[in-house]
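In: Structure of the sequence below:
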Amino acid sequence: MLQSILLQIQTVAVSDSTGVASGAPAAESLSLLSILMKGGYLMIPILILSVAALAIFIERFLYIKNAGKTDEHMLETIKDKIKEGKLDDAKSICARSTGVTARVFEKALNRLGSPVRDIESIMESVSNIEVNRMEKNLGLLAAIAAIAPMFGFLGTVVGMIKSFYNISIANDISIGIIAGGIYEKMITSASGLVVGVIAYMMYTYLNHRIDSVIAKLEDNSVDFLDTLYKPSRS
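Out: Just a heads-up that it's a prediction; the model follows:
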């Protein structure tokens, strides 16, 4: 019995080596593009979502970066003009600036003479408006982060249904056919997850930038009000 088992092992080894030596077909090398092309038609909305997410991120990043610009020298100049009583000059400096801090200060300077509570209220209202502008389309970016994986999963489910249907009507079934059909259908899931994760990272990063701008705006607003009303307290 032992001898027969050894003979079988030798036979399998010889046949395997013969198959390799006879030039068995090598594994197909696939590029990233060719892999994505195998994902099916549901790769199209995933691609559209990825482009939309990137466009939103770039546009919002540039807007928030511009809105968050705060020239410390400009702020000190505005404070000096207020202390000197040159309010028109202070307003002109604010009007020439593009940051949210300057726009909030400009609205406050236009309300000088009103009670402190009213000025604080208008500054808070303008700040909220500026924050809403910075957050524009971030909800859409969050939606892309949630929807893209769903499209990927849908593509996989549809593909699996087709694969199992083809298997059910096929006369010759092999592991290669089954595995090939399954891996192609998993491409949409992987693509959707990648787009969703990246979109969520973009969304989180932009929110962090907005929080930083808000924190800096609050600090500058406190200093501005202190400078604005310090003469009246003395």
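In: Distance-wise, check the closest residue to residue 229 other than its chain neighbours relative to residue 123.
Out: In space, residue 229 comes closest to residue 116 once its chain neighbours are excluded; the distance is 6.3 Å by C-beta to C-beta, 6 or more residues apart in numbering. From N, CA and C alone the C-beta is placed, and that goes for glycine too. Using C-beta to C-beta, to the nearest Å, residue 116 is found at 11 Å from residue 123.
In: before we move on, what about residue 148?
Out: 39 Å.
In: coming back round to it: what's the residue nearest to residue 229 sitting at in phi/psi?
Out: phi -60, psi -40 (degrees, to the nearest 10).
In: what about it, how many neighbours?
Out: 11 (other C-beta atoms under 10 Å).
In: Local confidence estimate at the residue most central in space within the chain?
Out: In the chain, the centroid-proximal residue (C-alpha atoms, centre = their mean) is residue 202; its distance is 2.3 Å. As predicted, residue 202 sits at a pLDDT of 96.
In: in what helix or strand does it lie?
Out: Element membership of residue 202 [criterion: DSSP states H and E] is helix 175-233.
In: helices or strands next to that helix in the packing?
Out: Judged by 3 or more C-beta pairs under 8 Å, 6 or more residues apart in numbering; DSSP states H and E, helix 175-233 is in contact with helix 32-37, helix 43-67, helix 72-83, helix 100-110, helix 116-134, helix 138-169.
In: now the longest one and helix 175-233, what's the angle there?
Out: It refers to helix 138-169. 170 degrees (axes from the mean of the first three to the mean of the last three C-alpha atoms, to 10 degrees).
In: Does helix 138-169 pack against any helices or strands, and if so which?
Out: So helix 138-169, by 3+ C-beta pairs under 8 Å, 6+ apart, packs with helix 43-67, helix 175-233.
In: And the average pLDDT for it is what?
Out: Mean predicted lDDT for helix 138-169 stands at 84.
In: Show me what counts as buried in it.
Out: Neighbour-count burial for helix 138-169, counted by 16 or more other C-beta atoms under 10 Å, picks out 138, 141-145, 147-149, 151-152, 154-156, 159, 163.
In: Quick check: the residue nearest to the centre of the chain touching residue 52?
Out: No - contact between residue 202 and residue 52 fails when scored by C-beta atoms under 8 Å: they sit 11.2 Å apart.
In: quick one: low-confidence ranges for this protein?
Out: By pLDDT under 70, the weakly predicted segments of the chain are 1-40, 170-181, 183-184, 230-234.
In: could you redo the last one with a cut-off of 90?
Out: The model of the chain has pLDDT under 90 over residues 1-44, 66-124, 126-127, 151-191, 217-234.
In: that older thread, the helices and strands packed on helix 138-169 into CSV, with extra columns for distance to residue 86?
Out: Output for the helices and strands packed on helix 138-169, formatted as CSV (distance: least, C-beta to C-beta, whole Å):
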stretch, distance to residue 86
helix 43-67, 26
helix 175-233, 13
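In: ok now do residue 130, which residues does it touch?
Out: Each residue near residue 130 by C-beta atoms under 8 Å, 6 or more residues apart in numbering is listed here: 67, 100, 103-104, 217.
In: out of the residues you listed, which is most surrounded?
Out: Going by other C-beta under 10 Å, residue 100 tops the contacts of residue 130 with 26 neighbours.
In: how close does that residue sit to residue 224?
Out: Counting by C-beta to C-beta, the gap from residue 100 to residue 224 is 13 Å.
In: ditto for residue 155
Out: For residue 155, the distance to residue 224 - C-beta to C-beta - is 54 Å.
In: just residue 185 next, same as before
Out: Separation of residue 185 from residue 224 (C-beta to C-beta): 59 Å.
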